[in-house]
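> What follows is a predicted protein model with its sequence.
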Amino acid sequence: MNEYSKKKLFNNSGSTNSGSSTVTPNVTDYATISTTVGNNTAEEGFYLIEDSSAADLGVLIQVFKDANGELKVRVEAEGVYSVPDYQMVGDYSGVAVVTGIGPGFQRGVWYAGAESGWSTGDIVIWNGYHYQILNSALLAGTDPGSAVLGIFQQLPRTAANVGYIVEADFIRYDFTNDTAVYRVDKRNNEVYFNLNSFQWGNDTVFKNEVKGDFSNLNSLSTATYGNTIKEGTSINCAGTFASIVGNTIMCTPSPTVPFITLDNTFSDLNYCDINTRESILFTGAQTLVGKTLAIDSNFEYLYDITGLTTLDIGANNNYIGIALIQSTNPTESINLFANFPERQRVRFYPDIVVLTFISGSGANQPICEGGINAVLDGSKGDWIEFTKINGKIYQTNIGTY
């Protein structure tokens, strides 16, 4: 059970739950409450800070006296937010008041290539905001946040009846800096520190724990749930339709610049544990479209072997579980030298037409079946698996996905 259900401070009526009684909070602004708490003149009780920068529509806090009689603000608080209307149930009757144009259809999350058939007045979602199309004739495949003036207009989260849904979430509130450092919603999403990049309000985004950085999640149009993103890791969702489900992303051991990029070629990235160790993972591996990365090993790395005759996988890369082989040439022949841990399975997927692994006999060289070179056809989805057994690298599996 997370802290949303354990430490809910306020009820849904806008009043606070204090023991068995209900108390309406005092309405204030941040400058006033900061001053009165600082000089110890504020009354104990609950306050709604309407202009707090920690939430769209205010933060509900509790002021109390400590054992020394000094006023303090509890870290546990509740932020009132305007979240995008992903379920398309919002009230858009106030849009024309903001833009002068009546609301058209709500089109969901904007993505490149989706603009055909859209009209002036339609509403889209981008990066946690609603945008109205001001002139559909100017649509050119540029996202609303980057488009030139006159194509889209952002609808403020504080405006009335422009489609946003009001939700109150449990937060940890840094009163001194007027910011939230943790937020958990009714969908059991728990996010630490990098709160603004998360896709709050979407019923298909649930049970995610994010202690690292989940960048550009707001641009996704598919379900995202059951992920654990540990400290020190980053996921940049570069595409629109990447399904991110049931992953544990962590750094171990001694990460350098861990960074994971998911793009829309990964349409079925489900139920795999990934220990980040290198700087770039999952960068446009076309051969993995629609493939579930659910194998025994736990790391992926991309190698470009253009012009190489030898691929030397050093000890610093010995946690790989999937090796993607790319080249600008249609055919390649490679001598592999690999220092894998004992019993570590490593699968190689060529992203070229023909890849030949030369069967070797020296230290850390793969011994292919029958001592014959292994020839893989990447266009047919061939793969090969090598495992280090008693100090030697053996071919232990081969197949087609």
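Received, thanks. Numbers count the residues shown, from 1 in each chain.

> what's the neighbour count on Asp85?
As a burial measure, Asp85 scores 21 neighbours (other Cβ atoms under 10 Å). Any C-beta I mention is one placed from the backbone N, CA and C, and that applies to glycine too.

> do the same with Tyr81
Considering only other Cβ under 10 Å, Tyr81 is surrounded by 25 other residues.

> Spell out the secondary structure type for it.
strand (DSSP: H, G, I helix; E, B strand; the rest coil).

> Three-state assignment for the residue nearest to it when sequence neighbours are not counted, please.
Using Cβ to Cβ, 6 or more residues apart in numbering and skipping the chain neighbours, the partner closest in space to Tyr81 is Asp56 (4.9 Å). Following three-state DSSP, the label given to Asp56 is coil.

> got the contact list for Asp56?
Residues near Asp56 by Cβ atoms under 8 Å, 6 or more residues apart in numbering: 80-82, 157-158.

> ok, it to Ile165 distance?
Between Asp56 and Ile165 the distance is 11 Å, computed by Cβ to Cβ, to the nearest Å.

> Point out the other elements, helices or strands, that the helix ranked longest in the chain touches.
Using DSSP state H, we find that the single longest helix of the chain is helix 30-38. Counting contacts by 3 or more Cβ pairs under 8 Å, 6 or more residues apart in numbering; DSSP states H and E, helix 30-38 packs against strand 45-49, strand 59-65, strand 71-73.

> partners of the first one in the sheet?
When pairs are called by DSSP bridges, strand 45-49 turns out to pair with strand 26-28 (parallel), strand 59-65 (antiparallel).

> for the shortest one, the distance to its chain's centre please.
Read that as strand 26-28. Distance of strand 26-28 from its chain centroid, counting by Cα atoms, centre = their mean, to the nearest Å, is 35 Å.

> What of stretch 171-182?
22 Å.

> so where's the stretch 301-401 of the chain shaky on pLDDT?
Low-confidence segments of the stretch 301-401 of the chain, defined by pLDDT under 70: 301-302, 313-322, 339-345, 401.

> returning to that earlier point: between the helices and strands packed on helix 30-38, which gets nearest to Ser379?
Counting by Cβ to Cβ, Ser379 lies closest to strand 59-65 out of these; the figure is 56.5 Å.

> Contacts for that closest one, please.
9-10, 16, 25, 33, 37, 42-49, 52, 71-74, 76-80, 168, 171, 173, 175, 180.

> Next, the angle from it to helix 30-38.
For strand 59-65 against helix 30-38, the angle by axes from the mean of the first three to the mean of the last three Cα atoms, to 10 degrees is 20 degrees.

> how many other residues sit next to Gly45?
Around Gly45 there are 15 residues (other Cβ under 10 Å).

> got it, and the one 4 residues further on?
Ile49 is flanked by 29 other residues according to other Cβ under 10 Å.

> wouldn't it be in contact with Tyr30 here?
Yes: look at Ile49 against Tyr30 with Cβ atoms under 8 Å: they come within range, at 5.3 Å.

> Report the set of residues contacting both of the two.
By Cβ under 8 Å, 6+ apart, the residues touching both Ile49 and Tyr30 are Asp178.

> so where's this protein uncertain?
For the chain, the ranges with pLDDT under 70 are 1-23, 215-216, 232-243, 245-302, 313-322, 339-345, 401.

> the domain parsing of it - what is it?
3-82+164-186, 85-155, 246-400 (automatic domain parsing).

> can these go into CSV with extra columns for distance to Thr204?
Listed next are those as CSV, based on distance: least, Cβ to Cβ, whole Å:
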stretch, distance to Thr204
domain 3-82+164-186, 13
domain 85-155, 8
domain 246-400, 14
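
> Would you map the helices across the protein?
Going by DSSP H, the chain shows helices at 3-6, 30-38, 95-99.

> to the chain's geometric centre, what's the distance from stretch 167-174?
With Cα atoms, centre = their mean, you get 20 Å for stretch 167-174.

> Can I get that stretch as PDB, trimmed to CA atoms?
Extracted C-alpha coordinates of stretch 167-174, given in PDB (Å, rounded to 0.1, in the frame of the first residue of the first chain):
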ATOM      1  CA  GLU A 167      -7.500  15.800  -9.000                       C
ATOM      2  CA  ALA A 168      -6.000  16.000  -5.500                       C
ATOM      3  CA  ASP A 169      -2.900  14.000  -5.000                       C
ATOM      4  CA  PHE A 170      -0.700  13.300  -1.900                       C
ATOM      5  CA  ILE A 171       2.600  15.100  -2.100                       C
ATOM      6  CA  ARG A 172       5.700  15.700   0.000                       C
ATOM      7  CA  TYR A 173       5.900  19.500   0.100                       C
ATOM      8  CA  ASP A 174       9.200  21.500   0.500                       C
END
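
> ok, the nearest residue to Ala112 once chain neighbours are set aside - contacts?
Excluding the flanking residues, the one nearest Ala112 by Cβ to Cβ, 6+ apart is Gly141, at 5.1 Å. Residues in contact with Gly141 (Cβ under 8 Å, 6+ apart) are 112-113, 115.
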